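*Asks:* have a look; sequence and predicted model below, questions after that.
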Amino acid sequence: MTARGKLGRWGLRTFALGYLAVLLLIPFGTIFYRAFEHGLAAAFTSVTTPDALHAFYLTILITLIAVIANTIFGVGCALLLVRTNFHGKALLNAVVDLPFAISPVVIGLALLLVYSRTGWFGPWLDANGFQVAFAVPGIVLATIFVTLPFVVREVVPVLHEIGDEQEQAARTLGANWWQTFWRITLPAIRWGVSYGVVIATARALGEFGAVAVISGRISGQTQTATIWIQQAFQNFDQSGAYLGAVVLALLAVSILVAMNVFKRKEAT
Amino acid sequence: MSIIVENASKRFGDFQAVDDVSLTVPDGSLTALLGPSGSGKSTLLRIIAGLESPDSGRIMIQGNDTTNVPAQKRNVGFVFQHYAAFKHMTVHNNVAFGLKIRKRDKAEIDRRVNELLALVHLDGLAQRYPSQLSGGQRQRMALARALAVEPKVLLLDEPFGALDAQVRKELRAWLRRLHDEVHVTTIFVTHDQEEAMEVAEQIVVMNVGKVEQTGPPRELYENPKSEFVMGFVGSVNRLGSLFVRPHDVEILQNPERGADEAMIEHLVHLGFEVRVELVLAGGENLWAQITQAEAEQLELEKGQIVYVRPSRAKVFDRNGRPTTEELQAA
């Protein structure tokens, strides 16, 4: 290795780390620092208020529902896109990516237009005793919408890669569709599915825009963790906001760690 | 009669993969579907297995019309070129798959799997995963897996195509011996005429979606019914309108009646066999296959002028069918 090559390599490393530090690590670290600036007790009191606890409970519940729904939809949709041919397949393929392209705020507004009392389905739903907008179902819909593509996009390439010969072999050995899916396809795509679930979960935990619009932000009812944090910050409860942020960040980080475990398993 | 295909056709878009093919495969036989790529041999095999459905025609397996029976109910064993091993299962579970689907009891499954692993010489590797096996071992595992369900017919799609030359040779001989033991009606697809001739009792030669000729290897070699079969089954030289096998090219030191002048361009020594590459006075190339002893006796050398004549040749008409005019040297 020449001196120049060595210098170049070190230069590149310093730049990469410096870039990450300025953009990610320093702001993230500051949140930790500020959360505990006025002592643990003050911050702890504010994140254990009933409203705060409810907000975290709601976020976790909604994430669970949205991720389960999108895992089932995602695997089914990926199978449809890779293993079958039908008219409108290209359209479906494009529509799946829509949530990537549209701003969450726009998604929230669109849902409001459809489900609010003055929206398309709103009056009918209202008459039948369902409330979607400004209620938990609306938040669930918004979260599902925002996290829709993740499982599909992780599973599609894996399905392409494994090909369909194993599935054909299972069929010639007497397995029906369900047995083939359960015993052959699903185990073969399991790491792709896990990876998709992890990213969808991280994304669902942190969703703000769409939920902020559709939820109505009612404390103790439709307030999710991200909205609670924003509210706390606006109400000058800074240590509460920061500690809330830390809790949310830790949840997301543990998910990312899980993702890396999956990645490593996949590599072996 | 074990497998009968009646007027099967299959089209993929503009491509006529199988074109009105009829075929009979006798019970217990070992048959090769031989043809170049795109000849429709794999598609025909997949139609027999139920992995493709024909656009028209009928498939009968052991007297039953199975044309509309799905693959999972046909009870055929199918072996893929790239093994299609279940990567997340051990060798034991791969072989046991069909039996588990059939809900056999565990003791019976274990006994049968062990029997089959012994048959394909994989005993002791039952707890390995496919990624820990060589290509040849994976293919033998796939064969055991297909045989586990006691299929009525065994179908192999280019089974040795992904293996290296040495393993291919071993597995060919081994497949033939296995067939003598198991006696299940077997069809295998190959583009390698040597493989077909070495393994099969009956060869079906296919070209552009049609059957060119069906018969035992020797019959196809000795009496090809078309120009295509003559060229595809065994090597062939063209001398004007004559088709001559390389071993039917006679090399003479001195001019004789009916012999043409030629120069030796290359001598390729392949052990027992010597390949003499010649160029005729008119610029046409041909090659002769002689034994090493013959080559030594003739004292052949590169650049030497010799005289060649066919000791036996075939002539085909404009449609590629053999004519009665056939040259047989005295």
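*Replies:* Good, I have the coordinates. Numbers count the residues shown, from 1 in each chain, chains lettered A, B, ... in the order given.

*Asks:* excluding its backbone neighbours, what's nearest B:K225?
*Replies:* Spatial nearest neighbour of B:K225, excluding adjacent residues (C-beta to C-beta, 6 or more residues apart in numbering or on different chains): B:Q213 at 4.6 Å. C-beta: built from backbone N, CA, C; applies to glycine.

*Asks:* specify the beta-bridge partners of that neighbour.
*Replies:* When assigned by DSSP bridges, B:Q213 has beta-bridge partners B:V205.

*Asks:* gap between it and chain A?
*Replies:* Distance from B:Q213 to chain A, counting by C-beta to the nearest C-beta, to the nearest Å: 29 Å.

*Asks:* what's the burial count for that residue?
*Replies:* 21 (other C-beta atoms under 10 Å in any protein chain shown).

*Asks:* ok, now which ones touch B:A295?
*Replies:* B:L267, B:V274, B:V276 (C-beta atoms under 8 Å, 6 or more residues apart in numbering or on different chains).

*Asks:* from those residues, pick the one nearest B:G283.
*Replies:* Closest approach between these and B:G283, by C-beta to C-beta: B:V276, at 17.2 Å.

*Asks:* helix/strand/coil for the nearest residue to that closest one once chain neighbours are set aside?
*Replies:* Excluding its sequence neighbours, the residue lying closest to B:V276 (C-beta to C-beta, 6+ apart) is B:A288, at 4.5 Å. Under DSSP: H, G, I helix; E, B strand; the rest coil, B:A288 falls in the strand class.

*Asks:* can you name every helix or strand that the helix or strand harbouring B:A107 contacts?
*Replies:* Here B:A107, judged by DSSP states H and E, is contained in helix B:106-119. Applying 3 or more C-beta pairs under 8 Å, 6 or more residues apart in numbering or on different chains; DSSP states H and E, we find helix B:106-119 packed against helix B:91-101, helix B:135-147, helix B:165-182.

*Asks:* need those in a markdown table (columns: mean neighbour count and distance to B:Q72).
*Replies:* Shown next, in a markdown table, are those (neighbours: other C-beta atoms under 10 Å in any protein chain shown; distance: least, C-beta to C-beta, whole Å):
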| stretch | mean neighbour count | distance to B:Q72 |
| --- | --- | --- |
| helix B:91-101 | 23 | 9 |
| helix B:135-147 | 24 | 14 |
| helix B:165-182 | 15 | 22 |
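
*Asks:* OK, contacts around the residue sitting nearest the centre point of chain B?
*Replies:* Among the residues of chain B, the one closest to the centroid is B:A196, at 2.9 Å (C-alpha atoms, centre = their mean). Shown in contact with B:A196 (C-beta under 8 Å, 6+ apart): B:A32, B:L34, B:T190, B:I203, B:P217, B:V233.

*Asks:* ok, for it, nearest residue in space, not its chain neighbours?
*Replies:* Closest to B:A196 by C-beta to C-beta, 6+ apart is B:A32, at 3.8 Å.

*Asks:* helix, strand, or coil at that neighbour?
*Replies:* strand.

*Asks:* please list all residues in contact with it.
*Replies:* Contacts for B:A32 (C-beta under 8 Å, 6+ apart) come out as B:I187, B:F188, B:V189, B:T190, B:E195, B:A196, B:V199, B:A200, B:Q202, B:I203, B:V204.

*Asks:* around chain A, pick out the residues from chain B.
*Replies:* Residues of chain B lying close to chain A (C-beta under 8 Å from any C-beta of the partner chain) are B:49-51, B:70-78, B:80, B:82, B:84-88, B:97-98, B:101-102, B:142, B:145-146, B:148-149.

*Asks:* just the buried residues of those residues.
*Replies:* Listed as buried from the residues of chain B next to chain A are B:49-51, B:71-72, B:74-78, B:80, B:84-86, B:88, B:97-98, B:101, B:142, B:145-146, B:148-149; burial here means 16 or more other C-beta atoms under 10 Å in any protein chain shown.

*Asks:* about what we covered before: how much space is there between the residue nearest to B:A196 and B:Q202?
*Replies:* 7 Å (C-beta to C-beta, to the nearest Å).

*Asks:* what's the answer for B:P217, then?
*Replies:* Counting by C-beta to C-beta, the gap from B:P217 to B:Q202 is 8 Å.

*Asks:* low-confidence regions, the stretch 51-200 of chain B specifically.
*Replies:* Scanning the stretch 51-200 of chain B for pLDDT under 70 picks out no residues.

*Asks:* do I have it right that B:H269 meets B:I290?
*Replies:* No. Look at B:H269 against B:I290 with C-beta atoms under 8 Å: they stay out of range, at 11.1 Å.

*Asks:* list the contacts of the residue nearest to B:V120 when sequence neighbours are not counted.
*Replies:* Nearest-residue entry for B:V120: B:R140, 4.1 Å, with adjacent residues in sequence omitted and distances by C-beta to C-beta, 6+ apart. Contacts for B:R140 were tallied using C-beta under 8 Å, 6+ apart; they are B:V120, B:H121, B:L122, B:L171.

*Asks:* over to B:D19?
*Replies:* With C-beta under 8 Å, 6+ apart, B:D19 has these contacts: B:S9, B:G40, B:V208, B:G209, B:K210.

*Asks:* so it: helix, strand or coil?
*Replies:* strand.

*Asks:* gap between it and A:A175?
*Replies:* 32 Å.

*Asks:* dump the strand or helix carrying A:T14 to PDB, keeping only the CA atoms.
*Replies:* For A:T14, the element it lies in under DSSP H and E is helix A:3-20. Output of helix A:3-20 as PDB, limited to C-alpha atoms (Å, rounded to 0.1, in the frame of the first residue of the first chain):
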ATOM      1  CA  ALA A   3       1.500   6.300   1.400                       C
ATOM      2  CA  ARG A   4      -0.900   8.000  -0.900                       C
ATOM      3  CA  GLY A   5      -3.300   5.100  -1.100                       C
ATOM      4  CA  LYS A   6      -3.300   4.900   2.700                       C
ATOM      5  CA  LEU A   7      -4.000   8.600   3.000                       C
ATOM      6  CA  GLY A   8      -6.800   8.300   0.600                       C
ATOM      7  CA  ARG A   9      -8.300   5.400   2.500                       C
ATOM      8  CA  TRP A  10      -8.100   7.200   5.800                       C
ATOM      9  CA  GLY A  11      -9.500  10.400   4.300                       C
ATOM     10  CA  LEU A  12     -12.500   8.500   2.900                       C
ATOM     11  CA  ARG A  13     -13.100   6.900   6.300                       C
ATOM     12  CA  THR A  14     -12.900  10.200   8.100                       C
ATOM     13  CA  PHE A  15     -15.300  11.700   5.700                       C
ATOM     14  CA  ALA A  16     -17.800   8.900   5.900                       C
ATOM     15  CA  LEU A  17     -17.700   8.900   9.700                       C
ATOM     16  CA  GLY A  18     -17.800  12.700   9.900                       C
ATOM     17  CA  TYR A  19     -20.800  12.900   7.600                       C
ATOM     18  CA  LEU A  20     -22.700  10.300   9.700                       C
END
